[in-house]
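Enquirer: Turn this into a structure:
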Amino acid sequence: MLEAKLKGDLSPSILNLKQLKHLDLSDNDFGGKQVPIFMGSLRNLRYLNLSRLKFGGTIPPQPGNLSELRTLGLGSFHESYYDDIYESTSMINMQWLTGLRYLHHLDLSGLNLSKAIDWLRVINTLPSLVELHLFSSQLMHIPFPA
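Expert: The predicted structure is shown next:
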(Lines give C-alpha, C1' and ligand atoms only; values in the text may rest on other atoms or scores of the structure.)
Protein backbone atom coordinates (compact mmCIF):
# COMPACT_ATOMS: atom_id res chain seq x y z
CA MET A 1 0.00 0.00 0.00
CA LEU A 2 1.41 3.39 -1.01
CA GLU A 3 0.88 6.14 1.54
CA ALA A 4 0.82 9.83 0.63
CA LYS A 5 2.76 11.97 3.07
CA LEU A 6 3.32 15.67 3.41
CA LYS A 7 6.87 16.56 2.36
CA GLY A 8 8.99 19.68 2.22
CA ASP A 9 8.64 22.71 4.46
CA LEU A 10 5.89 23.45 6.92
CA SER A 11 4.58 26.87 5.92
CA PRO A 12 4.12 29.65 8.48
CA SER A 13 0.76 30.32 6.80
CA ILE A 14 -0.61 27.70 9.23
CA LEU A 15 -0.57 30.58 11.75
CA ASN A 16 -3.59 32.03 9.92
CA LEU A 17 -5.67 29.25 11.48
CA LYS A 18 -6.12 31.23 14.68
CA GLN A 19 -8.83 29.04 16.23
CA LEU A 20 -7.03 25.74 15.52
CA LYS A 21 -7.27 23.45 18.55
CA HIS A 22 -6.19 20.07 17.14
CA LEU A 23 -3.15 19.56 14.90
CA ASP A 24 -1.87 16.13 13.93
CA LEU A 25 1.13 16.15 11.60
CA SER A 26 2.32 12.67 12.59
CA ASP A 27 3.90 10.29 10.06
CA ASN A 28 4.98 13.00 7.59
CA ASP A 29 8.37 13.78 6.07
CA PHE A 30 9.85 17.23 6.59
CA GLY A 31 13.29 16.27 5.29
CA GLY A 32 15.20 16.24 8.58
CA LYS A 33 14.78 19.99 9.13
CA GLN A 34 14.35 21.35 12.64
CA VAL A 35 10.87 21.79 14.12
CA PRO A 36 9.78 25.29 13.04
CA ILE A 37 9.94 27.88 15.80
CA PHE A 38 6.60 29.36 14.70
CA MET A 39 4.83 26.22 15.99
CA GLY A 40 4.90 27.89 19.41
CA SER A 41 2.56 30.62 18.13
CA LEU A 42 -0.48 28.36 17.72
CA ARG A 43 -1.70 29.37 21.18
CA ASN A 44 -5.19 27.81 21.03
CA LEU A 45 -3.89 24.27 20.44
CA ARG A 46 -5.04 21.66 22.89
CA TYR A 47 -3.70 18.70 20.91
CA LEU A 48 -0.39 18.63 19.02
CA ASN A 49 0.98 15.42 17.55
CA LEU A 50 4.38 15.65 15.87
CA SER A 51 5.18 11.95 16.33
CA ARG A 52 7.11 9.95 13.74
CA LEU A 53 8.04 12.99 11.67
CA LYS A 54 11.14 13.47 9.63
CA PHE A 55 12.26 16.50 11.60
CA GLY A 56 15.79 16.64 12.97
CA GLY A 57 18.02 18.52 15.38
CA THR A 58 17.00 19.59 18.85
CA ILE A 59 13.42 20.31 19.89
CA PRO A 60 13.17 24.11 20.31
CA PRO A 61 11.54 25.53 23.47
CA GLN A 62 8.75 27.38 21.61
CA PRO A 63 6.10 24.64 22.11
CA GLY A 64 6.29 25.71 25.76
CA ASN A 65 4.22 28.75 24.71
CA LEU A 66 1.27 26.45 23.99
CA SER A 67 -0.10 26.75 27.51
CA GLU A 68 -3.51 25.24 26.61
CA LEU A 69 -2.06 21.89 25.44
CA ARG A 70 -3.62 18.75 26.85
CA THR A 71 -1.75 16.30 24.59
CA LEU A 72 1.76 16.61 23.15
CA GLY A 73 3.21 13.87 21.00
CA LEU A 74 6.89 14.20 20.12
CA GLY A 75 7.71 10.51 19.95
CA SER A 76 9.99 8.76 17.44
CA PHE A 77 10.95 11.84 15.50
CA HIS A 78 13.48 10.66 12.95
CA GLU A 79 14.15 7.11 11.92
CA SER A 80 16.08 5.80 8.96
CA TYR A 81 14.80 2.36 8.05
CA TYR A 82 16.77 2.18 4.81
CA ASP A 83 20.23 2.09 6.38
CA ASP A 84 19.25 0.29 9.57
CA ILE A 85 20.49 3.38 11.35
CA TYR A 86 18.39 4.98 14.01
CA GLU A 87 18.84 8.71 14.20
CA SER A 88 16.89 10.49 16.87
CA THR A 89 16.00 14.04 17.57
CA SER A 90 17.18 15.21 20.96
CA MET A 91 15.87 17.33 23.77
CA ILE A 92 18.52 18.73 26.09
CA ASN A 93 16.71 21.49 27.97
CA MET A 94 13.24 20.37 29.01
CA GLN A 95 12.53 23.42 31.18
CA TRP A 96 10.04 24.75 28.60
CA LEU A 97 7.66 21.92 29.51
CA THR A 98 6.99 23.50 32.91
CA GLY A 99 4.60 26.03 31.33
CA LEU A 100 2.27 23.27 30.12
CA ARG A 101 0.17 23.07 33.29
CA TYR A 102 -2.85 21.42 31.59
CA LEU A 103 -0.82 18.70 29.86
CA HIS A 104 -2.36 15.25 30.43
CA HIS A 105 -0.51 13.13 27.86
CA LEU A 106 3.18 13.47 26.91
CA ASP A 107 4.93 11.15 24.47
CA LEU A 108 8.72 11.51 24.30
CA SER A 109 9.34 7.99 22.97
CA GLY A 110 12.30 7.73 20.64
CA LEU A 111 13.68 11.16 21.52
CA ASN A 112 17.27 11.15 22.70
CA LEU A 113 16.98 12.33 26.30
CA SER A 114 20.42 11.07 27.34
CA LYS A 115 21.70 14.64 27.77
CA ALA A 116 18.45 16.10 29.15
CA ILE A 117 19.08 18.31 32.13
CA ASP A 118 17.01 17.54 35.21
CA TRP A 119 14.32 15.74 33.16
CA LEU A 120 12.65 14.02 36.11
CA ARG A 121 12.32 17.25 38.11
CA VAL A 122 10.73 18.94 35.09
CA ILE A 123 8.27 16.07 34.55
CA ASN A 124 7.33 16.26 38.24
CA THR A 125 6.28 19.92 37.82
CA LEU A 126 3.46 18.99 35.40
CA PRO A 127 0.44 18.94 37.73
CA SER A 128 -2.09 17.46 35.26
CA LEU A 129 0.14 14.78 33.69
CA VAL A 130 -1.48 11.33 33.80
CA GLU A 131 0.30 9.58 30.91
CA LEU A 132 4.01 9.67 30.05
CA HIS A 133 5.71 7.66 27.29
CA LEU A 134 9.51 7.34 27.40
CA PHE A 135 10.03 4.18 25.33
CA SER A 136 13.48 4.09 23.70
CA SER A 137 14.40 7.57 24.94
CA GLN A 138 17.98 6.58 25.81
CA LEU A 139 17.68 7.34 29.51
CA MET A 140 20.47 5.42 31.20
CA HIS A 141 19.65 6.29 34.78
CA ILE A 142 16.24 6.78 36.32
CA PRO A 143 16.71 8.12 39.85
CA PHE A 144 14.45 6.64 42.50
CA PRO A 145 13.67 8.45 45.75
CA ALA A 146 15.46 7.12 48.81
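Enquirer: what about the residue nearest to Ser114 when sequence neighbours are not counted, how many neighbours?
Expert: Among residues not flanking Ser114 along the chain, Gln138 sits closest, at 4.3 Å (C-beta to C-beta, 6 or more residues apart in numbering). Using the backbone N, CA and C atoms, a C-beta is placed for each residue, glycine as well. Around Gln138 there are 14 other residues, counting by other C-beta atoms under 10 Å.
Enquirer: any idea how far Leu113 is from Gln138?
Expert: Gln138 is 6 Å from Leu113, where distance means C-beta to C-beta, to the nearest Å.
Enquirer: what's the overlap in contacts for the two?
Expert: By C-beta atoms under 8 Å, 6 or more residues apart in numbering, Gln138 and Leu113 have no common neighbours.
Enquirer: How far off centre is stretch 101-119?
Expert: How far stretch 101-119 lies from its chain's middle: 8 Å, per C-alpha atoms, centre = their mean, to the nearest Å.
Enquirer: in it, what's buried?
Expert: Using 16 or more other C-beta atoms under 10 Å as the test for burial, stretch 101-119 gives Leu103, His105, Leu106, Asp107, Leu108, Ser109, Gly110, Leu111, Asn112, Leu113, Ala116, Trp119.
Enquirer: before we move on, what about stretch 35-53?
Expert: Buried, per 16+ other C-beta under 10 Å, within stretch 35-53: 35-36, 39-40, 42, 45-53.
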